[in-house]
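[1] Got a predicted structure here, sequence first:
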Amino acid sequence: METFFEQNDTLLVFVHGVVLFALGFALWLQRRRATRLALTSSLIWLASFAFLSSLVVWGYVFIPIQAAYLAPEVIEALVVLRTVLNTVAVVFLLQFGLRLVPWTRRHLVPLTIASVVAWGAVLVASTLVAGEEGWGVLEWEATVGALARYVFVIPGALLSAYGLWVQRGELTREGMTGIRWYAAVASWAFLAYALVGGFIVEPAPWAPGGIANEAAWFDATGVPLEVVRTLVALVLLLAFIKLLDIFEVEAAQRVEVLDRARLVAEERARFGRDLHDGTIQSIYASGLHLEAIALNTGDPEARDEIRRVVGSLNSTIDGLRGYIRGLQAPDGGPAGIASDVDRIVEEFAADTRFEVTYRVTGIETCGPLPEDAGQHLRHVVREALANVARHAGPCAVEVLLAFRPDEITLVVADGGSGFPTDASDRTQPGHGNGVRNMQERARWLGGRVVFEQAPAGGTRVVLAVPLDDVEATEMPATTSGVADEVIST
């Protein structure tokens, strides 16, 4: 068996690259799909890791072949490129793991910056040591690769395993119980990858010996490490192919939401017609009858009283007509929604005398809006500002409404004491209906609302609504991506 593996080493490496490429390609195809889940919105990082890793693995097949045709300087340059791509790939794996764990934004940003700094430090330190020790480019590559596996692959795979396990709860809350099992499989696969892809490294000038060394692993087991890594990557491929069903479930849920919204719109139109043709006409006829009585009565006081009643009926008719217009009025598109939110913010500032900053971005680039998007957004803004007034105390408030081709994000952040930052506490009956109402409106729009502590203190409410737009050229942002633009004072 060992002889077979040694004779087919190149083929095994190539197959490993194929599996990684298939994983990256499958995930990359879904990059433009609208989603509201942290798991699916983070897949672009895993796809990037798999793509680059496949190129690195294939480099171990093709660069030796090219050595017979190209100058040594060119081969060395290709080895350097392969090494850099390898380090970038494992940094992407770490980013995937970081975004699966439910960090607050103030924790995620420093960790991301630290990972980039660590990437540069690994390359610089390895280069300096290689110069002092007189290592060749292959020894330098082995050193960088081993360091990268310890610094990035182990924590990245462990965070991914933990994050996927946590995401099982979110899948359950979204009614995707049939999919959550595959998240568990992927979680266990990442644990295995932390061992075979991170702890056990290729031979390097400084790499540890024993079972933590690829050569010692092969001597002890008779199975190349590349075969085990390929099997783990294959499990990940199969698990994530099933996890991609999340997009289909979300699409079906959005269709259901649109169907409900259409039925509601039809019912509102019918209700408006019934009010106009039935109730208003009956009230109007009663008013005319009272007017006729007033003209024929000889009692001035009775005539005046009747006319006051007729005036009240006319006011009621005007109110009903305004209500009907409200039932039939469209949201006015992104510009109309932005204007309505601006009016709500101005009224809040005038009533409370809080310092409020309001910003709108991306009106021209907004994708197609869900039915009644403006109505739900207005209610969420009112409820979020009402919570600020009730719980935050006098403070500065910032409101951001960001339109994108594939998402609408509404952020209301305050710099006050805020109400409890533990989202689980706020959903309990003792905390009123405001939070539940916002969550329900978010579900109606096919999105989600989260409550978190702002970086400078206070509370931040973030509503993210995905839009299905095939023209979108950017990966859907995570809920906290646009929220970062609002920093409470």
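    In hand now; what should we look at?
[2] For the rest of this, base every contact and every neighbour count on C-alpha atoms.
    Fine.
[3] Hmm, Val13 is touching Leu55, no?
    No. Contact criterion C-alpha atoms under 8 Å: Val13 and Leu55 do not qualify, at 11.2 Å.
[4] What strands line up against the host helix or strand of Val461, and which way round?
    Element membership of Val461, judged by DSSP states H and E, is strand 459-466. As defined by DSSP bridges, the strand partners of strand 459-466 come to strand 407-414 (antiparallel), strand 448-453 (antiparallel).
[5] out of the ones you listed, which comes closest to Trp135?
    strand 448-453 (49.6 Å; C-alpha to C-alpha).
[6] list the buried ones in stretch 340-352?
    Residues of stretch 340-352 classed as buried under the neighbour-count rule (16 or more other C-alpha atoms under 10 Å) are 340-342, 344-345, 348-349.
[7] Would you pull up how far the strand holding Val461 lies from the middle of the chain?
    10 Å (C-alpha atoms, centre = their mean, to the nearest Å).
[8] just the CA coordinates of that strand, formatted as PDB?
    Extracted C-alpha coordinates of strand 459-466, given in PDB (Å, rounded to 0.1, in the frame of the first residue of the first chain):
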ATOM      1  CA  THR A 459     -27.500  50.200  22.200                       C
ATOM      2  CA  ARG A 460     -27.600  49.600  18.500                       C
ATOM      3  CA  VAL A 461     -30.600  48.200  16.600                       C
ATOM      4  CA  VAL A 462     -29.700  46.800  13.200                       C
ATOM      5  CA  LEU A 463     -32.300  45.700  10.700                       C
ATOM      6  CA  ALA A 464     -31.000  44.000   7.600                       C
ATOM      7  CA  VAL A 465     -33.400  43.100   4.700                       C
ATOM      8  CA  PRO A 466     -31.900  41.100   1.800                       C
END
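[9] Can you give the distance of the helix or strand containing Arg106 from its chain's centre?
    Per DSSP H and E, Arg106 falls inside helix 105-133. Its chain's C-alpha centre and that of helix 105-133 lie 27 Å apart, by C-alpha atoms, centre = their mean.
[10] Does that helix pack against any helices or strands, and if so which?
    Counting by 3 or more C-alpha pairs under 8 Å, 6 or more residues apart in numbering; DSSP states H and E, the packing neighbours recorded for helix 105-133 are helix 72-100, helix 137-148.
[11] Low-confidence stretches in the stretch 201-350 of the chain?
    207-211, 251, 253-255, 257-258, 261, 264-265, 268, 322-332 (pLDDT under 70).
[12] so what's Leu295 up against?
    Counting by C-alpha atoms under 8 Å, 6 or more residues apart in numbering, Leu295 touches Arg303.
[13] Show me what secondary structure element comes after the helix or strand containing it.
    Assessed by DSSP H and E, Leu295 sits inside helix 281-296. Following helix 281-296 in sequence order, the next helix or strand is helix 300-328 (DSSP H and E).
[14] Check the offset of the next helix or strand after that following helix from the chain's centre.
    Next in sequence after helix 300-328, counting helices and strands by DSSP H and E, comes helix 333-352. Using C-alpha atoms, centre = their mean, the mean C-alpha position of helix 333-352 is found 26 Å from that of the whole chain.
[15] tell me the angle of helix 333-352 relative to strand 407-414?
    10 degrees (axes from the mean of the first three to the mean of the last three C-alpha atoms, to 10 degrees).
[16] CA-only coordinates of the next helix or strand after helix 333-352 in PDB, if you can.
    Going down the chain from helix 333-352, the next helix or strand is strand 355-361, by DSSP H and E. Extracted C-alpha coordinates of strand 355-361, given in PDB (Å, rounded to 0.1, in the frame of the first residue of the first chain):
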ATOM      1  CA  GLU A 355     -29.300  65.300  19.400                       C
ATOM      2  CA  VAL A 356     -30.100  63.100  16.300                       C
ATOM      3  CA  THR A 357     -28.000  62.500  13.200                       C
ATOM      4  CA  TYR A 358     -29.600  61.000  10.200                       C
ATOM      5  CA  ARG A 359     -27.800  59.700   7.100                       C
ATOM      6  CA  VAL A 360     -29.100  58.000   3.900                       C
ATOM      7  CA  THR A 361     -26.900  56.200   1.300                       C
END
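[17] between strand 355-361 and strand 407-414, how many degrees?
    Using the same axes, to 10 degrees: strand 355-361 against strand 407-414 is 170 degrees.
[18] Could you list the residues in contact with strand 355-361?
    Residues outside strand 355-361 that contact it (C-alpha under 8 Å, 6+ apart): 338, 342, 345, 349, 395-403.
[19] Can I get those in CSV including distance to Val80?
    Output for the contacts of strand 355-361, formatted as CSV (distance: C-alpha to C-alpha, whole Å):
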residue, distance to Val80
Ala338, 51
Asp342, 54
Val345, 55
Ala349, 58
Cys395, 53
Ala396, 51
Val397, 50
Glu398, 47
Val399, 47
Leu400, 44
Leu401, 45
Ala402, 41
Phe403, 42
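[20] hmm, which two among those residues are most spread apart?
    Maximum distance among the contacts of strand 355-361 (C-alpha to C-alpha): 26.4 Å, for Cys395 and Phe403.
[21] between these two, which one's more packed in?
    Phe403 (23 against 19; other C-alpha atoms under 10 Å).
[22] my guess is Phe218 meets Glu226, correct?
    No. Contact between Phe218 and Glu226 fails when scored by C-alpha under 8 Å: they sit 10.0 Å apart.
[23] Those two: which is more packed in?
    With neighbours defined as other C-alpha under 10 Å, Phe218 and Glu226 compare such that Glu226 has more, 20 against 15.
[24] Just to check, Glu139 is in contact with Trp206?
    No. Glu139 is beyond contact range of Trp206, at 9.7 Å (criterion: C-alpha under 8 Å).
[25] Of these two, which one has the most company?
    Glu139 (17 against 11).
[26] what's near enough to touch the more buried one?
    By C-alpha under 8 Å, 6+ apart, the neighbours of Glu139 are 130, 204-205.
[27] Tell me the spacing between it and Asp414.
    Glu139 is 54 Å from Asp414, where distance means C-alpha to C-alpha, to the nearest Å.
[28] for Asp245, same thing?
    From Asp245 to Asp414 the distance is 37 Å (C-alpha to C-alpha).
[29] Could you give the number of residues near Ala212?
    When neighbours are defined as other C-alpha under 10 Å, Ala212 has 18 of them.
[30] same thing with the one 3 residues further on?
    For Ala215, the tally of surrounding residues (other C-alpha under 10 Å) stands at 18.
[31] Give me the buried positions along the host helix or strand of it.
    Ala215 is located in helix 214-221, with elements delineated by DSSP H and E. Within helix 214-221, the residues that count as buried by 16+ other C-alpha under 10 Å are 214-217.
[32] give me the number of residues near Ala186?
    24.
[33] Might you calculate how far whichever strand or helix holds it sits from the centre of the chain?
    Using DSSP H and E, Ala186 maps to helix 180-193. The gap between where helix 180-193 is centred and where its chain is centred comes out at 21 Å by C-alpha atoms, centre = their mean.
[34] Which elements pack onto it?
    Using 3+ C-alpha pairs under 8 Å, 6+ apart: helix 180-193 touches helix 154-173, helix 225-243.
[35] among those, which is the most enclosed?
    Of all these, helix 154-173 has the most neighbours on average by mean count of other C-alpha atoms under 10 Å, namely a mean of 21.
[36] Going by residue numbers, what spans are helices in the stretch 351-489 of the chain?
    Here the stretch 351-489 of the chain has its helices, by DSSP state H, counting those that start in this stretch, at 373-387, 423-426, 434-444, 479-483.
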